[in-house]
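Visitor: heads up, no residue letters with this:
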């Protein structure tokens, strides 16, 4: 069964944010001069402390909010009230809380809502509903009322409804929040697969341990401004702005500091394994003394 993109590779959309600012009523500035470009097929993690502007940024991208200054475009189409329908057909948005997104009486009806509003035939709508439900692991829940779902099930149904639209960019606000480890792993594997097929993904998250395995780039926000932006290795390098944004290094990088005083800090288990092997082969690391040293620290503590 094929998805809404057919057998073709997904044509991921390109995004451009030019000096975007946004103020909430009362004069609270949520974003200030954000200038970022996201390429087709990118997987970008938007990170920062609570109140840093992550959710506001995502809502601006899909047209749920509109900037007070600057401009946003998706594949050259300016995001504005006049282009809302066109943007909605290209950019899918997953709310942090699925209860803010689900409103139809049953799972099947909710997944079908978006495709129906694209003007598709009943047959095409049913194909998309079946594919999205199977892809998100909710095929056995299609006739179940929304109110009878668990939180994790609601998250998967909400994502199914977004994917059934066939978006070219997927915008997700804390999609793994409140999920158990198995559900989190399943969701991230799905996002990785879709990204490898070409879908552009922009995901707000606090999970610094999760992101290095999946994202290509990081956009780090601090009090509404861009603190850092670029490849993971650059943004997570020593001396960057993580601490100022109330974030820490990934645990694997922190653990690696025990073994080495070098500047190299692997961000994933795979990277750490390769670096440890390299260091042992070059005589830069003797594991036994290190293990004994840290064992003695534990006893002393």
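Guide: The structure has been received and is ready for your questions. Not measured: the values here are computed from a predicted model.
Visitor: measure residue 71 to residue 144 for me?
Guide: Distance, residue 71 to residue 144, by C-beta to C-beta, to the nearest Å: 42 Å. No exception for glycine: its C-beta is placed from N, CA and C like everyone else's.
Visitor: residue 99 belongs to a helix?
Guide: Yes. Judged by DSSP: H, G, I helix; E, B strand; the rest coil, residue 99 forms part of a helix.
Visitor: so what's it closest to, chain neighbours aside?
Guide: Of all residues not flanking residue 99 in the chain, residue 154 sits nearest, at 6.8 Å (C-beta to C-beta, 6 or more residues apart in numbering).
Visitor: got a list of contacts for the longest helix belonging to the chain?
Guide: Identified as the longest helix of the chain according to DSSP state H is helix 181-196. For helix 181-196, contacts defined as C-beta atoms under 8 Å, 6 or more residues apart in numbering pick out 10, 41, 43, 135-137, 152, 155-156, 159, 163, 170, 172, 175-176, 179, 201, 203, 210, 213-214.
Visitor: give me the buried subset of those residues.
Guide: 10, 41, 43, 135-137, 152, 155-156, 159, 163, 170, 172, 175-176, 179, 201, 203, 210, 214 (16 or more other C-beta atoms under 10 Å).
Visitor: among these, name the ones in helices.
Guide: 135, 152, 155, 156, 159, 163.
Visitor: tabulate these (JSON lines), appending distance to residue 58 and pLDDT.
Guide: Converted to JSON lines, these look like this (distance: C-beta to C-beta, whole Å; pLDDT from 0 to 100):
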{"residue": "135", "distance to residue 58": "22", "pLDDT": "93"}
{"residue": "152", "distance to residue 58": "21", "pLDDT": "91"}
{"residue": "155", "distance to residue 58": "16", "pLDDT": "94"}
{"residue": "156", "distance to residue 58": "19", "pLDDT": "94"}
{"residue": "159", "distance to residue 58": "15", "pLDDT": "96"}
{"residue": "163", "distance to residue 58": "17", "pLDDT": "96"}
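Visitor: just the closest of the residues you listed to residue 57, please.
Guide: residue 159 (19.8 Å; C-beta to C-beta).
Visitor: just checking, the closest one touches residue 94?
Guide: Yes. Between residue 159 and residue 94 there is a contact under C-beta atoms under 8 Å: 5.7 Å.
Visitor: which stretches of the stretch 101-250 of the chain have low pLDDT?
Guide: By pLDDT under 70, the weakly predicted segments of the stretch 101-250 of the chain are 238-241.
Visitor: quick one: the strands in the stretch 51-200 of the chain, in order.
Guide: Along the stretch 51-200 of the chain, counting by DSSP state E, counting those that start in this stretch, strands occupy 69-74, 77-78, 91-94, 169-173, 200-204.
Visitor: ranking those strands by burial, who's on top?
Guide: strand 200-204 (a mean of 26; mean count of other C-beta atoms under 10 Å).
Visitor: which elements pack onto it?
Guide: Counting contacts by 3 or more C-beta pairs under 8 Å, 6 or more residues apart in numbering; DSSP states H and E, strand 200-204 packs against strand 43-48, helix 54-61, strand 169-173, helix 181-196.
Visitor: okay, these, which one's buried deepest?
Guide: Scoring these by mean count of other C-beta under 10 Å, the most buried comes out as strand 43-48, with a mean of 26.
Visitor: ok, residues contacting that strand?
Guide: With C-beta under 8 Å, 6+ apart as the test, strand 43-48 has contacts from 38, 54, 57-58, 191-192, 195, 200-206, 208, 211, 214-222, 227, 245-247.
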